[in-house]
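> Could you work out the structure for the sequence below:
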Amino acid sequence: MAMNTRVSSLVCLLGLTVGTAGAQDQTIETLRQLADAPGPPGFEEPIRKVMVDLMKPLASSIRFDGMGSIIAAQGSGGPRIMVDAHMDELGGMIRRITPGGLMTMQMLGGWLDQALVDQRWIIIGSKGPVHAVTGIRDIHIVPPDERTRVYDRNGLFLDAGAKSEAEARAMGISPGDPVVPDSPFQVLNGTDNYLGKAWDDRAGCAVVIEAMRRLATLPHSNQIFWTITTQEEVGLRGAHSAADTIKPEVGIAIEGGITGDVFRGHPEETQAVLGAGPVIFLYDSSAMPNRKFAQFVKGTAAAGKIPLQVDLVQGYGDDSAEIQKSNGGVPSVNILVPARYTHSHNGIINRRDFDQTVDLLVTLLQKLDQSTVARIRDFTP
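Numbers count the residues shown, from 1 in each chain. Predicted coordinates for the structure are as follows:
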């Protein structure tokens, strides 16, 4: 099947039509569309289509780099500002099909082994979505000394109900097909918390859409390049090529963050709390922000009475690391929507956090001008 036909079929089958936002809350519909859209690293076609359809009415131009990242422009003068969110999500791909019709899976991105067992998945096959599950050994036969062990990912199989390799292939499954979590978006029991997969980084993608909507009619002094990158989860690859294409003067990455408000026994891992506002990272294992730029973010948040959490996290990488190494060096920061349970089937974000992240980003982009960017970029002793 041709790729464009395959993507259109998948989008329709998964209910990802764009432009059907309910009258009560366009933002919820945007978050639903983005969270539910499939798109693991290297297989971003479905989420790319959703993003392009949402961005096109708001941008003066849209283009793509050689890695498939989206670059949408707003503004024709002033400093070149790169605002980045990545569209890929954690997932996998079919490695092989066994004679009995089960499938092994190559994981894409940073999965914990304990997050993989007894989960539902969607295989993006040539004939459309195929539902499958990673099974689990029955408690009745597992020896007592094995019941608390973590299952190794290399011992797991995807079960789509096929009885043979030929039957699996007849479903449209073949080695190399992408796999994503089967975890639909849900407003969590009438609260302002939203459950879904892929908040890392579909929350950031949604922040970009909402900020674009506002800045389409608000004044600013910049050339903004709204950049939706590919393959972040397998090495920040898309941000590298996108930054080389844009050649920004400063960069802002928008990410899905990490909270420490559930597993409180490890206070040094992360300090962020769900519902307490957006986060700025002062350190992660891939990047340290430009100090003047970070101070500018803090001052802008304080002046706008926007709560801002600060955090330092090890074992976390983000696109700002590649942006800041491009174009001879680019002052960059990473701003995050706090999220519980990232890199799993089911994450939670808070609506107030999301809205305040949009507020912060829009205010930053309105306050950035040529003199402010020049000051941030000035390293004269």
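
> how about the helices of the chain, start to end?
3-13, 26-36, 45-55, 165-170, 199-215, 237-246, 291-303, 320-324, 351-367, 370-377 (DSSP state H).

> May I see those organised as JSON lines, with mean pLDDT and distance to Gly77 added?
To be clear about C-beta, it is placed using only N, CA and C from the backbone, and glycine gets the same treatment. Below are the helices of the chain laid out as JSON lines (pLDDT from 0 to 100; distance: least, C-beta to C-beta, whole Å):
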{"stretch": "helix 3-13", "mean pLDDT": "49", "distance to Gly77": "35"}
{"stretch": "helix 26-36", "mean pLDDT": "97", "distance to Gly77": "29"}
{"stretch": "helix 45-55", "mean pLDDT": "98", "distance to Gly77": "21"}
{"stretch": "helix 165-170", "mean pLDDT": "98", "distance to Gly77": "55"}
{"stretch": "helix 199-215", "mean pLDDT": "98", "distance to Gly77": "14"}
{"stretch": "helix 237-246", "mean pLDDT": "97", "distance to Gly77": "16"}
{"stretch": "helix 291-303", "mean pLDDT": "98", "distance to Gly77": "21"}
{"stretch": "helix 320-324", "mean pLDDT": "97", "distance to Gly77": "21"}
{"stretch": "helix 351-367", "mean pLDDT": "98", "distance to Gly77": "14"}
{"stretch": "helix 370-377", "mean pLDDT": "97", "distance to Gly77": "9"}
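
> Could you dump those helices into JSON lines with distance to Asn154 and mean neighbour count added?
Formatted as JSON lines, these follow (distance: least, C-beta to C-beta, whole Å; neighbours: other C-beta atoms under 10 Å):
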{"stretch": "helix 3-13", "distance to Asn154": "28", "mean neighbour count": "14"}
{"stretch": "helix 26-36", "distance to Asn154": "29", "mean neighbour count": "21"}
{"stretch": "helix 45-55", "distance to Asn154": "28", "mean neighbour count": "22"}
{"stretch": "helix 165-170", "distance to Asn154": "19", "mean neighbour count": "16"}
{"stretch": "helix 199-215", "distance to Asn154": "24", "mean neighbour count": "26"}
{"stretch": "helix 237-246", "distance to Asn154": "25", "mean neighbour count": "24"}
{"stretch": "helix 291-303", "distance to Asn154": "41", "mean neighbour count": "17"}
{"stretch": "helix 320-324", "distance to Asn154": "30", "mean neighbour count": "27"}
{"stretch": "helix 351-367", "distance to Asn154": "37", "mean neighbour count": "21"}
{"stretch": "helix 370-377", "distance to Asn154": "47", "mean neighbour count": "15"}
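
> Which residue would you name as the spatial centre of the chain?
Closest residue to the average C-alpha location of the chain: Asp201 at 1.5 Å, with C-alpha atoms, centre = their mean.

> residue contacts, that residue?
Shown in contact with Asp201 (C-beta atoms under 8 Å, 6 or more residues apart in numbering): 85-87, 89, 232, 254-256.

> Can you flag which of the residues you listed belong to strands?
Residues of the contacts of Asp201 located in strands (DSSP state E): 85-86, 254-256.

> ranking those by neighbours, who comes first?
Within the ones in strands among the contacts of Asp201, most neighbours by other C-beta atoms under 10 Å means His86, with 32 neighbours.

> I am assuming Ser285 contacts Gln314, so please confirm or correct that.
Yes - between Ser285 and Gln314 there is a contact under C-beta atoms under 8 Å: 5.3 Å.

> so where's the chain uncertain?
Applying pLDDT under 70 to the chain flags residues 1-24.

> Break it into its domains for me.
Domains of the chain are assigned by automatic domain parsing as 3-89+184-377, 98-181.

> any chance of the helices of the chain in JSON lines, plus distance to Asn334?
Conversion of the helices of the chain to JSON lines gives the following (distance: least, C-beta to C-beta, whole Å):
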{"stretch": "helix 3-13", "distance to Asn334": "30"}
{"stretch": "helix 26-36", "distance to Asn334": "19"}
{"stretch": "helix 45-55", "distance to Asn334": "20"}
{"stretch": "helix 165-170", "distance to Asn334": "41"}
{"stretch": "helix 199-215", "distance to Asn334": "10"}
{"stretch": "helix 237-246", "distance to Asn334": "11"}
{"stretch": "helix 291-303", "distance to Asn334": "10"}
{"stretch": "helix 320-324", "distance to Asn334": "4"}
{"stretch": "helix 351-367", "distance to Asn334": "12"}
{"stretch": "helix 370-377", "distance to Asn334": "15"}
